[in-house]
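K.L.:
coordinates only, no sequence provided:
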Ligand SMILES: [Zn+2]
C-alpha cells in the first residue's frame, strides 16, 4: 500500500483566457477550477496541497482582483475534507504551492491544528509573498489570508523527499520557488502536481505561455515547462495542471468511481 491521490474541489473562477495561455482573441473568457490535492498513505498519514479561496472572498479580496477573477463558486476546505471523511485536525501536513489568494485562501481552516503549526512553503515565495502583502504591491497576495493567528510556516529551500514516494521540488515560474510535488501513487501511478507553473493541458501540449507584456514571464514559463516535461519523461508521470477545468472534472469523476 502506498500513496493515494484525490482532488478536493474548492470552487471556480472566470478570467480572460489570455491570463492562462496566449490566445488570438484577448476578449475570450474561460472558467477555471480551484482545487486542493489530498494525499493519503496508511503509514505516513494525510497531506494536503493548497487550500483554495477564502470563505469570505467577497469581503477580503480587493475589488480589482474580483473584477479580473470573478468567483463563481467557493467551497470551504473543511466542507471538501468532510466529503472525504476528514477534518482539518486530521491533516498531518499542509503544503502551499505558493501564496496567491486562490491557493492560500483556506489557510484559516488549519489555524491551531497540527498541520497549521508548520505549513510548508518555499523560503523565496514566503519572502516574496509577505513583502507584497505587507506593502500592497501584489494584489494576489492578501495580507489577512497569510498572516493568520495559529498558523506558522516551515520553509524549504531545495528539492527534497518529504516521505518515501513523495518528493517536493521548486519551480521558477509564476511565483519564485513555486512548490511542485512528485508522488508515486497506487491509484494514478507517478503524478507531478505542478500548480500554476502550467495552468492547462493546452499550455503543455502547445508549449504556449500565458500572454504577458513581460518577456521574462514567457521565458520563465518555457524554461520551467522543459524541466517538467523532462521530469515527466524520466518518471513516466502524468501532470496535474493548476487550473484546467476539463481535466479537474475528469479526475473528480474518476475519484468518485473509485480509481
Ligand atoms: Zn492559481
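P.N.:
Yep, that arrived. Just so you know, these numbers come straight off a predicted model, no measurement behind them.
K.L.:
any idea how far the helix or strand where residue 127 lies is from the chain center?
P.N.:
For residue 127, the enclosing helix or strand under DSSP states H and E is helix 123-135. Centroid separation for helix 123-135 versus its chain: 17 Å, with C-alpha atoms, centre = their mean, to the nearest Å.
K.L.:
what's the answer for stretch 102-110, then?
P.N.:
11 Å.
K.L.:
what's that stretch in contact with?
P.N.:
The contact list for stretch 102-110 (C-beta atoms under 8 Å, 6 or more residues apart in numbering) reads 10, 13, 34, 36, 50-55, 57, 69, 76-78, 88, 91, 94, 96-98, 116, 119, 129, 142, 145-146, 148, 151, 195-196. All C-beta atoms are positioned from the backbone trio N, CA, C, and that covers glycine.
K.L.:
same question for stretch 138-149.
P.N.:
54, 60-62, 64-65, 99-101, 104-105, 107-108, 111, 129-130, 132-134.
K.L.:
returning to what we had before: show me what counts as buried in the following helix or strand past the helix holding residue 127.
P.N.:
Next in sequence after helix 123-135, counting helices and strands by DSSP H and E, comes helix 143-146. By neighbour count on 16 or more other C-beta atoms under 10 Å, the buried set for helix 143-146 is 145-146.
K.L.:
kindly report the same for stretch 118-125.
P.N.:
Judged by neighbour count (16+ other C-beta under 10 Å), stretch 118-125 contains these buried residues: 119-125.
K.L.:
ok, now stretch 10-20?
P.N.:
So for stretch 10-20, counting by 16+ other C-beta under 10 Å, buried means 10-13, 15-20.
K.L.:
next up, the contacts around residue 218.
P.N.:
By C-beta under 8 Å, 6+ apart, residue 218 lies in contact with 209-210, 212.
K.L.:
mind redoing it with 6 Å?
P.N.:
Neighbouring residues of residue 218 by C-beta atoms under 6 Å, 6 or more residues apart in numbering: residue 209.
K.L.:
near the ion, which residues of this structure are found?
P.N.:
102, 196 (C-beta under 5 Å from the ion).
K.L.:
low-confidence regions, the chain specifically.
P.N.:
Low-confidence regions of the chain, defined by pLDDT under 70, span residues 259.
K.L.:
leaving out chain neighbours, which residue sits closest to the most centrally placed residue in it?
P.N.:
Centroid-nearest residue in the chain, with C-alpha atoms, centre = their mean: residue 195, separated by 4.3 Å. Of all residues not flanking residue 195 in the chain, residue 97 sits nearest, at 3.5 Å (C-beta to C-beta, 6 or more residues apart in numbering).
K.L.:
wait, the one you found touches residue 179, no?
P.N.:
Yes - under the criterion of C-beta atoms under 6 Å, residue 97 makes contact with residue 179 at 5.0 Å.
K.L.:
neighbour count winner among the two?
P.N.:
The neighbour count for residue 97 versus residue 179, taken as other C-beta atoms under 10 Å, is higher for residue 97 (30 against 25).
K.L.:
quickly find the element holding that one.
P.N.:
Assigned by DSSP H and E, residue 97 falls within no helix or strand.
K.L.:
next up, the contacts around it.
P.N.:
Residue 97 sits next to 50, 103, 178-179, 195 when contact means C-beta under 6 Å, 6+ apart.
K.L.:
which of the residues you listed sit farthest apart?
P.N.:
Spanning the widest gap among the contacts of residue 97 are 50 and 178, at 11.1 Å by C-beta to C-beta.
K.L.:
where does residue 5 sit: helix, strand or coil?
P.N.:
Three-state call for residue 5 (DSSP: H, G, I helix; E, B strand; the rest coil): strand.
K.L.:
which residues does it bridge with?
P.N.:
residue 39 (DSSP bridges).
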